[in-house]
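J.: Show me how the following folds:
(2 chains)
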Amino acid sequence: MNKNSSPKTNWFAVACLLLVLMLTLKAILDFKKMWIEEDLLPSPGLTRFVYLHKYHPALANTNGDTRVYFFESKEPGGTVLLLGGTHPNEAAGFVTAYLMLENLSVSKGRIIIIPQANHSAFTHNDPQEGYPQFFEIEGIRGKRKFRYGSRITNPVNQWPDPDIYLHYPSGQKLAGNETRNLNRAYPGRPNGNLTEQVAYAIVNLINEEKIDVAIDLHEAAPEYPVVNAIVSTTRSQDLVTEAALELAFEDLKYSLEPSPYNFRGLSHREWENFTPTFPILMETANPIQGRLRGKTDEQLILSGQDKMYLVAARLGALAVPYDSSGLSINLRVARHAEAFHKIVEVFSRNYPEQAVVFSGIPRYFEILKHGIQEYF
Amino acid sequence: MLLTWIYQLILLFFSVLIVYDIFKEKSKLMQLTAAIALIPFLLRLLMVK
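T.: All right, here's what the predicted structure looks like:
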C-alpha cells in the first residue's frame, strides 16, 4: 500500500459506510412504520376497554399486550367474544373486527372484541413474500390506513425459534417457527414464551368473563380445503350447524368443519378443552395468502382478483368458486359479519337467558351493496 | 434477556469486524460487498428486524 493510494481507498470506505448508514436508516424508518398503531375509532356503544394484561399481568409493557373492547348493555344477557388479528396477514378477520368495533351497539348482554389478538405480529410483515406493509380503505371518515402484518409474532419480541416446537401441554411436534403462531399456542402457559402468554391471557379472559360464545376470525388460501368454513367442536357443533343451515337458506354456503381432536394448540380445540365456552373459528378465502398467486400487492388484498387463480379455478384446483370478479374484501368481510349475526341469533334463540342483542353491524347484502368503506 | 445481550455482543463484534474489513480491503467491489453485509447486522443489533 503506497502513500498515494491509502487515503483514496479510505475515502471510498468512508463513502461505503455512509451509504450503508443511510440505507440502514431508511430500512429502520421503513420497518418502524409498522410499529405505529392505526387509529381505530370505537363506536359510541363502547363502554370500556382494558388491556389483555388484566388477565395475565406479566404481559404488561410487552408487545403482546393488546386492547380488549367491551360493549355492554344494562340489560343482562350472555357474552360473546370476537377475536380478529390472530393472524394479521388475514385481512378480512381483523377488518371485520374493526368494522364491528366502530359500528357496534349492544342492547342486551355483552360483546367483547379483541381486534388485534396477536399484537406483536402486527408490527412486522413478510417482505420475502412480497407482501405490502399497509392497505388503505377510503372510508366515510376519510382515508384509513391499516397494517398488513405477519402470521406469527415478531421475532424481535420472541426469539430464538427452536428447531422443533413442542406444544404445551400435549408435546405435539411442529415446525420451529410455529412457536410464534398464536393459533398453535393455546391454552398457553403463564411462564411460557410471549405467544404462549398471550394465549394464556385469552383463555383466562374467556373463563373470567364467562364467555358464552367465542369466535376467532381467519382467512386462508383459496386452494386450502378449509375455506368458506365454520369450524366447531363437539360443544358448539349444534349451534354452528343450525346457523349454517339458516345461512344456506340465504344462499350462503359455509362448510362445517369439525375441530380435530388430535391437532393441538388451535383456538377452538383448546377453548373446548380448557374453557366452558362455545368455541368457533371462521375462514374465508383470500388469494393473497395462496401459493398460486401472481402479482402481490395492496390491490390483491382488497380486490382478491388474480389472473393465476383464474387459471387455477379453470383447472379445478380451488376449494371455492372463483371468477374474474375475484374475492373482494367486501365479500370476505360480509361473509364473516353475516355468519356472526347468524351464530349470535341462533345462540340467543336457544339460550334466551343468555341472549345477546346488538345493532349497527351491517348484514351480508348491505356490505356487498355499499362496500365496507361505508362503515369506516 | 441474557441470551439477547450475548447475541447483541456477538452482533457488535461481527459489525466491528466488517467495518474493519471495509477499510482493510483493497478491492472496491469487496469494500462495497462488506458494507452491504453490514446492513442486516445493524438491523439485528438495533432489534429492528
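J.: use CA for all of it now, contacts and neighbours both
T.: Fine.
J.: can you pull the pLDDT of the residue in the stretch 201-350 of chain A positioned nearest to chain B?
T.: Residue nearest to chain B within the stretch 201-350 of chain A: residue A:297 (21.2 Å; C-alpha to the nearest C-alpha). We note a pLDDT of 96 for residue A:297 in this prediction.
J.: Please name the residues that touch it.
T.: By C-alpha atoms under 8 Å, 6 or more residues apart in numbering or on different chains, the contact list for residue A:297 reads A:130, A:131, A:132.
J.: Recalculate using a threshold of 7 Å.
T.: For residue A:297, the contact set (C-alpha atoms under 7 Å, 6 or more residues apart in numbering or on different chains) comprises A:131, A:132.
J.: Repeat that for residue A:108.
T.: When contacts are counted by C-alpha under 7 Å, 6+ apart, residue A:108 touches A:73, A:75, A:76, A:77, A:355, A:356, A:357, A:358.
J.: So residue A:131: helix, strand or coil?
T.: Under DSSP: H, G, I helix; E, B strand; the rest coil, residue A:131 falls in the coil class.
J.: Next: the one 4 residues further on.
T.: Per three-state DSSP, the secondary structure class of residue A:135 is strand.
J.: What is the burial count for it?
T.: When neighbours are defined as other C-alpha atoms under 10 Å in any protein chain shown, residue A:135 has 17 of them.
J.: So it sits against residue A:300, correct?
T.: No - the pair residue A:135 / residue A:300 is not scored as a contact, 9.8 Å apart, by C-alpha atoms under 7 Å.
J.: Widest-spaced pair of the contacts of residue A:108?
T.: Greatest spatial distance among the contacts of residue A:108 (C-alpha to C-alpha): A:76 and A:358, at 12.8 Å.
J.: quick one: which of the two has more around it?
T.: Neighbours per residue (other C-alpha under 10 Å) separate residue A:76 from residue A:358, with residue A:358 holding more: 21 against 15.
J.: My reading is that that one lies in a strand. Confirm?
T.: Yes - checked against three-state DSSP, residue A:358 lies within a strand.
J.: and the nearest residue to it once chain neighbours are set aside, what does it touch?
T.: Distances taken as C-alpha to C-alpha, 6 or more residues apart in numbering or on different chains put residue A:106 closest to residue A:358, at 4.1 Å, once the chain neighbours are dropped. Contact analysis of residue A:106 by C-alpha under 7 Å, 6+ apart lists A:45, A:71, A:72, A:73, A:357, A:358, A:359.
J.: would residue A:106 count as being in a strand?
T.: Yes - Residue A:106: assigned to a strand according to three-state DSSP.
J.: so how far is chain A from the spatially most central residue of chain B?
T.: Centroid-nearest residue in chain B: residue B:15, 2.6 Å away (criterion: C-alpha atoms, centre = their mean). Look at residue B:15 and chain A: by C-alpha to the nearest C-alpha, to the nearest Å, they are 12 Å apart.
J.: sorry, back to before: quick one: buried ones out of the contacts of residue A:108?
T.: A:73, A:77, A:355, A:356, A:357, A:358 (16 or more other C-alpha atoms under 10 Å in any protein chain shown).
J.: any idea of the pLDDT on the residue nearest to the second one when sequence neighbours are not counted?
T.: Same thing as residue A:77. Once flanking residues are discounted, residue A:77 sits nearest to residue A:109: 3.7 Å by C-alpha to C-alpha, 6+ apart. Residue A:109 is assigned a pLDDT of 98 by the prediction.
J.: Then the one 3 residues further on?
T.: What the model reports for residue A:112 is a pLDDT of 98.
J.: Can you say which helix or strand has it in it?
T.: Using DSSP states H and E, residue A:112 sits within strand A:110-114.
J.: go on, residue A:243?
T.: Counting by DSSP H and E, the element that carries residue A:243 is helix A:237-249.
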